[in-house]
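Asks: what follows is a predicted structure for the sequence shown.
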Amino acid sequence: MQPALFPHHPAPFPHRFVPSGRQIRHDPALGHAFLPQVHTRVPHEHGAYFTVTNREGFREDHDLATPPPGLRVLCYGDSYAAGDGVDNAERFTPRLGELLGITVSNVAVPGHGPDQNLLQLESGAMPRPDLILWCIAVHTLERIRSTSRITIDREGRMWRVTRPHFQLLPNGELELRGVPVPEHGERLEEPAPTQIQGALATRVADVLTGVRRRFVARFGTWLKPPPDPEYDDPAGEPMQLLTAIVRRFHRAAADVPIAIVPLPTARYLVESRQPLFQQRFEELADPTAGLHVLDVTHPLQHASPAARAGFHYRLDGHFTRSGHVAVARALADQLLEHGLVPDSRAPVASAAATTAAPAAGERSSITLVAGWELADSFAELRDSGGQLLGSRRRESEFATNGTRPGTLPLSAVHAVLEQARIAGPELVRIELRSPCSGDALLDTDLPDSTRVELAAGHVRWRVAAAGDLRTFLAYEGPVVHAFETLRADDVDASPVTTGADEELRWLQARLPRVLAAPGPRTLERRIERLARLWELATRTARETMLPTTAPLRRGRMARQLQAAASSEHDGDRQS
């Protein structure tokens with residue numbers, strides 16, 4: 001039998017980028033800020049976390065205008081302080097408040113630099129606190145010299161957008177540039193992912209990746225150049241610019257004490273790098289004038305190697321729950337030591353004393369059901385009694401050009417979990433439903449085109465679906481497969497003729513032999529083998545669309561733009 005062209009798959013391969021709820025808005029003065037009154041699920045490498053903002057547009061559970069009583073601290077910073085990767089309550093700011101009996105209001109915004117923190121303070125919109133906690137991620141020297149940043153929107157598209165920044169003038173003053181910030185930036189085009197890669201090449205790449213990780217873990221400290229070399233020269237342009245920003249921030253704070261907290265990035269924890277940045281920041285301190293510098297890096301580095309590795313996420317580098325616990329404890333010790341908060345409690349334990357993340361809650365009793373049909377795929381939640389919770393969501397709601405048979409409904413999965421306020425790892429079970437089994441493929445009453453569609457969906461679903469969903473949700477519980485009877489309206493669906501792309505041509509070349517199997521056992525073996533080959537051949541393309549790849553994509557694009565700028569600069573010099 002020569003199969004007909006696949007009729008039901010207008011959507012491109014691989015599956016679509018998962019759109020998370022909007023949480024960031026354009027701000028003409030700051031570049032960007034949080035949207036007010038947001039409660040959204042953000043897919044992440046550990047499953048997901050939830051971002052909640054107040055009426056004033058800060059990622060905080062209380063309003064700044066009416067904070068709880070007691071000593072009040074205002075925390076400025078970027079994504080390390082804002083808490084990318086963890087829920088609001090898991091960040092170091094509320095944990096610090098609990099340890100010391102104070103209120104710590106978090107006004108940090110992901111992607112902001114010290115220059116934007118200064119603009120926040122000078123706007124006059126911030127309430128007056130008793131203490132300012134200024135958390136500066138130590139890679140910030142590169143950020144404050146940048147006139148733009150790279151971002152990925154909710155559709156997975158990459159943009160270069162303008163950011164406000166300061167220019168250090170010869171007289172030592174700062175001149176603000178890049179404002180008002182335009183709402184739209186420059187669309188950056190990425191090379192389309194290779195849909196099909198040889199199985200052998202995939203296996204070799206997996207082996208090389210594993211070898212590289214082990215090699216870097218063992219020898220990276222000696223082979224890789226030290227991070228943040230800009231801190232080497234206190235008289236260099238980057239440090240001079242940062243110094244001017246710090247001095248102006250100090251003046252803008254008037255008589256409110258400031259505690260600068262340099263936050264280490266992952267390499268300082270994994271490789272135990274000497275934190276030269278700490279010395280540079282301490283050179284800026286003026287305690288008699290209310291400008292203090294706290295040290296959380298050395299307490300974090302004193303933890304065991306295993307604990308330090310658990311302080312940050314592997315891919316995006318932000319603090320994990322245990323990392324936030326350690327930072328909160330180190331900050332509490334430092335604030336008490338510097339006399340910046342009342343010593344109304346006994347000193348807390350050091351950061352190294354408690355290294356484990358808070359105990360995770362018990363698994364819920366909820367089952368995630370994900371499945372596919374010829375014309376669409378879907379997701380829904382069921383309780384322990386099998387009752388539907390909420391509504392079934394279809395992938396076609398998020399992909400207007402349809403989906404292919406066997407496509408994993410990641411956007412629909414995200415939607416039902418967001419509605420139920422579920423991250424993913426706490427699910428009790430995942431059930432994968434398919435309209436296809438070996439018996440269905442042997443049904444000679446089905447049209448040839450339907451058998452081909454079913455076989456293609458079965459190949460895509462059989463091996464890859466469970467693994468991709470585990471990765472997407474960071475889920476380690478049971479996954480079960482179930483079959484549903486193919487509905488008549490699925491078989492009779494009007495075909496949509498589309499041209500074959502690389503993935504379709506790959507399947508077209510292999511499915512005729514599979515469907516010509518003489519019996520169910522042979523058919524089962526051939527389907528299993530083809531499904532495993534497809535999983536290997538498409539792994540790179542499928543991984544491209546997972547949210548966990550966003551930091552890697554931004555990093556690659558930044559290197560490409562830097563290389564292009566260097567090449568252009570060299571060309572101008574030669575001219």
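Replies: Everything's here; your move. Residues are numbered from 1 along each chain as shown.
Asks: residue contacts, Arg556?
Replies: When contacts are counted by CB atoms under 8 Å, 6 or more residues apart in numbering, Arg556 is found next to no other residue. C-beta: built from backbone N, CA, C; applies to glycine.
Asks: how about Arg214, secondary structure?
Replies: Applying DSSP: H, G, I helix; E, B strand; the rest coil to Arg214 yields a three-state assignment of helix.
Asks: how many residues are close by it?
Replies: Applying other CB atoms under 10 Å, we find 10 other residues in the vicinity of Arg214.
Asks: what's the domain layout of this structure?
Replies: Here the chain is described, according to automatic domain parsing, as comprising the domains 36-145+163-181+253-354, 367-544.
Asks: could I get these as a markdown table with mean pLDDT?
Replies: Conversion of the domains of the chain to a markdown table gives the following (pLDDT from 0 to 100):
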| stretch | mean pLDDT |
| --- | --- |
| domain 36-145+163-181+253-354 | 92 |
| domain 367-544 | 85 |
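Asks: mind putting those into CSV with distance to Gly210?
Replies: As requested, the domains of the chain are exported to CSV (distance: least, CB to CB, whole Å):
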stretch, distance to Gly210
domain 36-145+163-181+253-354, 13
domain 367-544, 14
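Asks: tabulate the ones you listed (a markdown table), appending mean neighbour count and distance to Arg559.
Replies: Compiled in a markdown table, the domains of the chain are given as follows (neighbours: other CB atoms under 10 Å; distance: least, CB to CB, whole Å):
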| stretch | mean neighbour count | distance to Arg559 |
| --- | --- | --- |
| domain 36-145+163-181+253-354 | 19 | 13 |
| domain 367-544 | 18 | 17 |
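Asks: select, out of those domains, the one closest to Glu237.
Replies: The stretch from those with the least distance to Glu237 (CB to CB) is domain 36-145+163-181+253-354; that distance is 7.4 Å.
Asks: distance from the chain centre to the closest one, please.
Replies: Here the centre of mass of C-alpha atoms in domain 36-145+163-181+253-354, compared against the chain's by CA atoms, centre = their mean, to the nearest Å, lies 19 Å away.
Asks: if I look at Leu515, how far off is Leu536?
Replies: 21 Å (CB to CB, to the nearest Å).
Asks: for Glu186, that is, sorry about that
Replies: Distance of Glu186 to Leu536, given as CB to CB: 36 Å.
Asks: quick one, which of the domains of the chain is nearest to Arg554?
Replies: Checking the domains of the chain against Arg554 by CB to CB gives domain 36-145+163-181+253-354 as the closest, at 9.7 Å.
Asks: where do the strands of the stretch 451-575 of the chain begin and end?
Replies: In order along the chain, the stretch 451-575 of the chain carries the following strands (DSSP state E, counting those that start in this stretch): 479-483.
Asks: show me what Val261 is bridged to.
Replies: Beta-bridge pairing for Val261 (DSSP bridges): Cys135.
Asks: what sits against it?
Replies: Leu133, Trp134, Cys135, Ile136, Val293, Leu294, Val296, Leu331.
Asks: ok, the first one touching Leu71?
Replies: Right, the one you point to is Leu133. No: with contacts defined as CB atoms under 8 Å, Leu133 does not count as touching Leu71, sitting 11.9 Å away.
Asks: thought Val138 was touching Leu263?
Replies: Yes: with contact taken as CB under 8 Å, Val138 and Leu263 are classed as touching, separated by 6.6 Å.
Asks: what about Tyr49, is that helix, strand or coil?
Replies: Applying three-state DSSP to Tyr49 yields a three-state assignment of strand.
Asks: is it correct that it is in contact with Val86?
Replies: Yes: counting by CB under 8 Å, a contact exists between Tyr49 and Val86, whose distance comes to 5.4 Å.
Asks: now do the strands in the stretch 151-300 of the chain.
Replies: 158-162, 165-168, 174-177, 186-188, 258-263, 291-293.
Asks: just put those strands in TSV and tack on distance to Val428.
Replies: Formatted as TSV, the strands of the stretch 151-300 of the chain follow (distance: least, CB to CB, whole Å):
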stretch	distance to Val428
strand 158-162	37
strand 165-168	49
strand 174-177	53
strand 186-188	41
strand 258-263	36
strand 291-293	47
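Asks: just the helices from the stretch 301-450 of the chain, written as ranges.
Replies: Secondary structure of the stretch 301-450 of the chain (DSSP state H, counting those that start in this stretch): helices at 305-309, 321-337, 410-419, 438-441, 448-462.
Asks: just so I know, which of those lies nearest Pro110?
Replies: Checking those against Pro110 by CB to CB gives helix 321-337 as the closest, at 15.1 Å.
Asks: quick check: angle from the closest one to strand 258-263?
Replies: An angle of 150 degrees separates the directions of helix 321-337 and strand 258-263 when computed by axes from the mean of the first three to the mean of the last three CA atoms, to 10 degrees.
Asks: which strands and helices lie in contact with helix 321-337?
Replies: The helices and strands touching helix 321-337, judged by 3 or more CB pairs under 8 Å, 6 or more residues apart in numbering; DSSP states H and E, are helix 92-100, strand 258-263, helix 297-301.
Asks: using CSV, write out every CA atom in the last one.
Replies: So that's helix 297-301. Presented in CSV, the C-alpha positions along helix 297-301 are these (Å, rounded to 0.1, in the frame of the first residue of the first chain):
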residue,chain,number,x,y,z
THR,A,297,28.7,34.8,49.3
HIS,A,298,31.2,33.5,51.9
PRO,A,299,28.5,31.9,54.1
LEU,A,300,27.0,30.2,51.0
GLN,A,301,30.5,29.0,49.9
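Asks: contact partners of that helix?
Replies: Counting by CB under 8 Å, 6+ apart, the neighbours of helix 297-301 from elsewhere in the structure are 262, 264, 268-269, 272, 275, 278, 308, 311, 323, 326-327, 329-330, 333, 350-352.
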